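Colleague: quick one: sequence and predicted model below, then my questions.
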Amino acid sequence: MVNEHNILPLTLREITVKRRGKHILGPVSLTLQGKGISVVVGPNGSGKTTLLRAMHGLDRISAGHKAWAVSDAQAHAAQSFVFQAPIMMRRTVRDNIAYPLVLRGVNRRDARAAADVWAARVGLGSAVLRAATVLSGGEKQKLALARALVTAPQVLFLDEPCANLDGHATQEIEAILHAACADGTRVVMSTHDLGQARRLADEVLFVHAGQVVEILPAAVFFAGPASAQAAAFLNGDLVL
Amino acid sequence: MSDIADGFATAARLVVSLDPELIEITLRSLHVTLSATAVASVIGLPLGAWLAITRFPGRRYVIALLNALMGLPPVVVGLIVYIMLSRSGPFGVLGLLFTPTAMIIAQVIIITPLVASVAHQAMRELWADYHDLLISLHASRRQRIATLVWDGRRTLLTAQLAGFGRGIGEVGAIMIVGGNIDNATRVLTSAISLETGRGEFALALALGFILIGLAVVVNLCIHVLSRTEQGSRW
């Protein structure tokens, strides 16, 4: 981490995402920089997932311009993505967590040692030899987090990481995110759980109908958002 | 019915007495088909995985062709390999005709499309699971194929067993390119064919039962060795 260039800021200029001719997102312009946790909130189907995927490079941008502070290859090596439904490889917990390191050419023994450290850090220390596919929902998401953090990313994207999880699992995951943030990882996550947004967010991006309607410091957003849609969303009204 | 009973009795006698000729042709059957399955796996498994993760124009036609080739008639394959390997053929100088190697070559051609096609099906499902993760992690094409083949190895076993099953019971191609020569290229299936032609039904049946038993034993061994039934969903 020390000798790496900072990959931020990430600049999006007028990006749009279309899928099979259908307009999903944009045009969106924003700059991602600084520290802390940005939380993307908005009603279902508003484009939260697509925004994260487009930033990470999973969804192709149809128009507009996206640029990191460094080359795409360097930028990609310094970011990770955690999916809403964690993708469990048919391997042990240890080998799942070690996988990104192995892909990068770290030898297997060192990768497994690092995986064990991360497994312990997320509370899976006693499960390293278990098959990942038989873990519970919360354990799977913790594994996915460990696998995302094992490469020491500068930017971590998470798409609704706590959807379908119980309170205990959610609490553990939020603690891991706080710790990652304290270690200097820039976190960008989506959630439809406003309580979680209040607990975690330093900055809020409110997304509605494929547009980023506001980007505000969390305290300001929750005290009184600028737009009527965001106010309605905070109120618990249906936002159409 | 008495033929079948005689067949059982003869089979039992041959097995119990460890008849040397029986052992020889059984081992040759295993040698030819296991070798062919191994070669077909080396070609077919990565090919199946590659087809699952690669998008190119005409990909659907390649897959359709591959599926069609699963039904390749062994007799025709045998004939073509025969022509290729015969004295006047392009590979005649190698002197491979009527050797076990020729039989292995013919079986590789018959089995590979089956192995690749079954592998492709299995890999397609696994790729749908892994797609986002491997893209996110920027795995190279080679790494993707290696990951899919390794993580899908238990389902790929099914592809290999299907290939083995097709090969071990195949007679049309090996008969033509091997020639069913005693002590050289005779295997279980070609021996059955010969004994039936000579009216030795009991012996033919006995060999048939042994062939079926062999296929079952090999399947069971591989299942036990690879613990297919353990670890639930793997």
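Modeller: That came through fine.

Colleague: pull out the buried residues from the top helix by length along chain B.
Modeller: When chain B is parsed with DSSP state H, its longest helix is helix B:100-136. Neighbour-count burial for helix B:100-136, counted by 16 or more other C-beta atoms under 10 Å in any protein chain shown, picks out B:100-120, B:122-124, B:126-127, B:129-130, B:132-134, B:136. C-beta here means a position set from N, CA and C on the backbone, and glycine is covered the same way.

Colleague: quick one: pLDDT of the nearest residue to B:Glu24 once chain neighbours are set aside?
Modeller: Nearest non-adjacent residue to B:Glu24, counting by C-beta to C-beta, 6 or more residues apart in numbering or on different chains: B:Asn183, 7.3 Å away. With respect to pLDDT, B:Asn183 has a value of 90.

Colleague: same deal with A:Asn3?
Modeller: At A:Asn3, pLDDT is 44.

Colleague: report all helices and strands that whatever helix or strand B:Cys221 lives in contacts.
Modeller: B:Cys221 belongs to helix B:201-226 when assigned by DSSP states H and E. Contacts defined by 3 or more C-beta pairs under 8 Å, 6 or more residues apart in numbering or on different chains; DSSP states H and E place helix B:201-226 against helix B:2-16, helix B:20-53, helix B:153-168, helix B:188-197.

Colleague: if we go to 7 Å?
Modeller: Packing contacts for helix B:201-226, counted by 3 or more C-beta pairs under 7 Å, 6 or more residues apart in numbering or on different chains; DSSP states H and E, involve helix B:2-16, helix B:153-168, helix B:188-197.

Colleague: keep only those of the buried residues of helix B:100-136 that are also close to chain A.
Modeller: By C-beta under 7 Å from any C-beta of the partner chain, the members of these lying near chain A are B:Asp129, B:Tyr130, B:Asp132, B:Leu133, B:Ser136.

Colleague: where does the prediction get shaky in chain A?
Modeller: Regions of chain A meeting the criterion pLDDT under 70 cover residues A:1-4.

Colleague: walking through it, point out its strands one by one.
Modeller: Secondary structure of chain A by DSSP state E: the strands cover A:10-19, A:22-32, A:37-41, A:63-67, A:79-82, A:155-159, A:186-190, A:203-208, A:211-217.

Colleague: can you list the residues of chain A near chain B?
Modeller: Close to chain B, as judged by C-beta under 7 Å from any C-beta, chain A has residues A:56, A:58, A:76, A:81, A:83, A:87, A:89-91, A:100, A:103, A:131, A:133-134.

Colleague: mind showing which ranges of chain B have poor pLDDT?
Modeller: Looking along chain B with the criterion set at pLDDT under 70, you get B:1, B:227-234.

Colleague: redo that, cut-off 50
Modeller: For chain B, residues meeting the criterion pLDDT under 50 lie at B:232-234.

Colleague: and B:Leu51, what does it touch?
Modeller: Counting by C-beta atoms under 7 Å, 6 or more residues apart in numbering or on different chains, B:Leu51 makes contact with B:Arg59, B:Val62, B:Ile63, B:His120.

Colleague: ok, 6 Å please
Modeller: B:His120 (C-beta atoms under 6 Å, 6 or more residues apart in numbering or on different chains).

Colleague: now it: how far from chain A?
Modeller: 20 Å (C-beta to the nearest C-beta, to the nearest Å).

Colleague: that residue and B:Val149, how far apart?
Modeller: Shown here: B:Leu51 relative to B:Val149, a distance of 12 Å by C-beta to C-beta, to the nearest Å.

Colleague: now swap in B:Gly71 and tell me
Modeller: B:Gly71 sits 25 Å away from B:Val149, going by C-beta to C-beta.

Colleague: these two: who's more crowded?
Modeller: B:Val149 (20 against 8; other C-beta atoms under 10 Å in any protein chain shown).

Colleague: wait, isn't the more buried one in contact with B:Leu47?
Modeller: No - with contact defined as C-beta atoms under 6 Å, B:Val149 does not count as touching B:Leu47 (10.6 Å).

Colleague: alpha carbons of stretch B:147-162, as PDB, please.
Modeller: What follows is stretch B:147-162, C-alpha atoms only, in PDB (Å, rounded to 0.1, in the frame of the first residue of the first chain):
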ATOM      1  CA  THR B 147     -10.300 -22.300 -12.200                       C
ATOM      2  CA  LEU B 148     -13.400 -23.700 -13.900                       C
ATOM      3  CA  VAL B 149     -11.800 -27.000 -14.700                       C
ATOM      4  CA  TRP B 150     -10.400 -27.400 -11.200                       C
ATOM      5  CA  ASP B 151     -13.500 -26.300  -9.300                       C
ATOM      6  CA  GLY B 152     -15.800 -28.300 -11.600                       C
ATOM      7  CA  ARG B 153     -13.600 -31.400 -11.500                       C
ATOM      8  CA  ARG B 154     -16.300 -33.500 -10.000                       C
ATOM      9  CA  THR B 155     -18.800 -32.800 -12.600                       C
ATOM     10  CA  LEU B 156     -16.100 -33.100 -15.300                       C
ATOM     11  CA  LEU B 157     -15.700 -36.700 -14.000                       C
ATOM     12  CA  THR B 158     -19.100 -37.400 -15.400                       C
ATOM     13  CA  ALA B 159     -17.900 -36.200 -18.800                       C
ATOM     14  CA  GLN B 160     -14.900 -38.600 -18.500                       C
ATOM     15  CA  LEU B 161     -17.000 -41.500 -17.400                       C
ATOM     16  CA  ALA B 162     -19.400 -40.900 -20.300                       C
END
